[in-house]
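Peer 1: pasting the structure only:
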């Protein structure tokens, strides 16, 4: 299979037995393939470390000053002594044997959130790991859940809260699911119908009808949080309607809904079609929030450990490529085609690049509109569980840490933090981080206290 993509490794038909492994047309092609494979693996390893260091030193200036003061090698050694790099890198790079199952069917919803999972196909990252992946475009999240439960899919693109909900048996029989990576952070928006251009104060939105893609979604939890911060009860003062992302714009245009908190490219597509405007980006609610994830069942991992490790490597490599802004134009071109997103390339690129028209007459530059940090921090899962409790999806006591650490596959730290300076976030050593949502700090060490502090809630 040939391509002009600079990322796709070219492997001729394996019947051309002209190299040492018998899978390439010549020894030169074999050597080139091996070199690209090694480059991809180095990229994956480096990306794990860079993402973790960024989490520990969120302030860019402090991070640069720390590295300059102690030197890169000293910093790497110090950080490696308190973070689980060895386990993370082993999962990303270690090859214990060939994949137990090479032909795989992976589900995805055609949205920008699935960028790493999708681009790994046309850019050759699955193939580089010896996998024959068929991406299965799926219409809605309930179908993704059902196909995973019925084992019609080997793995899938999920909304980040879905594996938690499925593992807990919410809305279906429980089946243990695992989150391997976060597919994207940020990348969503509240989009409103054009008739509301002069009605931007949420306190005036009583009676509004909003679309969200699924109950167990960050869209649902972020919209509820946003409305409640302005004094609206999302179950009494507005209507929330489960709507597949592809149907949101038509419903907006028809007047069936007043707005939606949904994934791109549909926020940008609403602007493109002059059906709506972007009221607020989701990063302005919680900057760095997870949205979608990549995962599979515990049973699949147990039965196919080498296959799962190969999948992990492929998607982690794709995430590292997607994280770099200079790669986004090529990625938009690769994933906007009919077999993937089936969207205008310019719409996909505006949402990926953060250089976009907002439907209010402005051209905005928001480079962090979407990101692709793959680390599934336990604190992310803990926050989701507090919101499930807040709105009555989960009743009774919840062992936040046990669920987070069982479902989200971020290896625990092996040692306590050493003194690396005041800029260091000690929570990063164990996978738990403090963060703010609309100015309110979330401390994952005290989720019960956080939950009790809300005046608008069900529980």
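Peer 2: That came through, no problem. Since this is a predicted model, take the numbers as computed values, not measurements.
Peer 1: my guess is residue 282 meets residue 186, correct?
Peer 2: Yes. Counting by CB atoms under 8 Å, residue 282 does reach residue 186; the two are 5.9 Å apart. In this view, the C-beta of every residue, glycine as well, is placed from N, C-alpha and C.
Peer 1: Overlap in contacts, these two.
Peer 2: Shared contacts of residue 282 and residue 186 (CB atoms under 8 Å, 6 or more residues apart in numbering): 289, 291.
Peer 1: Now do the same contact list for residue 364.
Peer 2: Counted by CB under 8 Å, 6+ apart, residue 364 has contacts 354-358.
Peer 1: Sort out which of these are buried, if you could.
Peer 2: Buried by 16 or more other CB atoms under 10 Å: 354-356, 358, out of these.
Peer 1: so how far is residue 365 from residue 353?
Peer 2: 9 Å (CB to CB, to the nearest Å).
Peer 1: er, residue 124 I mean
Peer 2: In terms of CB to CB, residue 124 sits 31 Å off from residue 365.
Peer 1: Residue 175 now?
Peer 2: Going from residue 175 to residue 365 by CB to CB gives 43 Å.
Peer 1: Mind checking which of those two has more residues around it?
Peer 2: Neighbours per residue, other CB atoms under 10 Å: of residue 175 and residue 365, the larger number sits with residue 175, 16 against 9.
Peer 1: who touches that one in this structure?
Peer 2: Residue 175 sits next to 148-149, 166-167, 297, 299 when contact means CB under 8 Å, 6+ apart.
Peer 1: wait, what's in contact with the residue lying closest to residue 168 once chain neighbours are set aside?
Peer 2: In this structure, residue 168 finds its nearest non-sequential neighbour in residue 174, 6.3 Å apart by CB to CB, 6 or more residues apart in numbering. Listed by CB under 8 Å, 6+ apart, the contact partners of residue 174 are 166-168.
Peer 1: And the helices in the stretch 51-200 of the chain?
Peer 2: When secondary structure is read from DSSP state H, counting those that start in this stretch, the stretch 51-200 of the chain shows helices at 60-70, 72-80, 85-93, 115-119, 125-128, 141-149, 162-168.
Peer 1: Hmm, residue 384 is touching residue 222, no?
Peer 2: No. The criterion here is CB under 8 Å, and residue 384 misses it with residue 222 at 10.6 Å.
Peer 1: Compare these two (neighbour count), which wins?
Peer 2: residue 384 (27 against 22).
Peer 1: what secondary structure does the more buried one sit in?
Peer 2: Of the three states, residue 384 takes helix under DSSP: H, G, I helix; E, B strand; the rest coil.
Peer 1: which residues touch it?
Peer 2: Contacts of residue 384 (CB under 8 Å, 6+ apart): 160-161, 164, 218, 221.
Peer 1: wait, which of these is closest to residue 456?
Peer 2: residue 221 (13.4 Å; CB to CB).
Peer 1: Wait, a strand at the closest one?
Peer 2: No. Under three-state DSSP, residue 221 sits outside any strand and is assigned helix.
Peer 1: So what's the residue count around it?
Peer 2: Residue 221: 28 surrounding residues under other CB under 10 Å.
Peer 1: Need the pLDDT of the closest residue in space to residue 431 that isn't next to it in sequence.
Peer 2: Distance criterion CB to CB, 6+ apart; nearest residue to residue 431, sequence neighbours excluded, is residue 378 at 4.1 Å. What the model reports as pLDDT for residue 378 is 92.
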